[in-house]
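K.L.:
here is a sequence with its predicted model. Questions after.
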Amino acid sequence: QLQASGGGLVQAGDSLRLSCAASGRTFSTSAVGWFRRAPGKEREFVAAIKWSGATYTLTDSVKGRFAISKDNAKNTVFLQMNSLKPEDTAVYYCAAGVYGVRPAEYQYWGPGTLVTVSS
């Protein structure tokens, strides 16, 4: 019901755009969030956007480099990642739920897509 795609292996400074396609029960939710889990670290919030309107938020460490957007007609949320750094290396997950920064606020989770940034 949530399918993330767009991950890959890139060099530092490169860009990637992740996509999260929503379907089924996820339509009942109000927002989509992106989280990531780096090797050996806890899952952390990256960005979130409401389906309705233009409300969004980004975690401080990605502000100025990442952008979140949506295409309501295609039920898809995007995470544009620019100026990637090795510390951005992680499995990125999209999730659907209520708008917030905590994993518990999201009911539905996709399987994740791996982003690897080499130095």
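P.N.:
Nice, I can see it. Computed from a prediction, not measured in an experiment: that's the story for all the values here.
K.L.:
contacts and neighbour counts: CA atoms only from here.
P.N.:
Noted.
K.L.:
nearest residue to the middle of the chain?
P.N.:
By Cα atoms, centre = their mean, the chain has its centre lying nearest to Trp34, at 2.7 Å.
K.L.:
check which helices and strands the helix or strand where that one lies is in contact with.
P.N.:
In this structure, Trp34 is located in strand 31-37 according to DSSP states H and E. Under the contact criterion of 3 or more Cα pairs under 8 Å, 6 or more residues apart in numbering; DSSP states H and E, strand 31-37 touches strand 43-50, strand 90-97.
K.L.:
looking at those, spot the one closest to Gly6.
P.N.:
strand 90-97 (9.9 Å; Cα to Cα).
K.L.:
which strands and helices sit next to the next helix or strand after the closest one?
P.N.:
Next in sequence after strand 90-97, counting helices and strands by DSSP H and E, comes strand 106-109. Helices and strands touching strand 106-109, by 3+ Cα pairs under 8 Å, 6+ apart, are strand 90-97.
K.L.:
much appreciated, bye for now.
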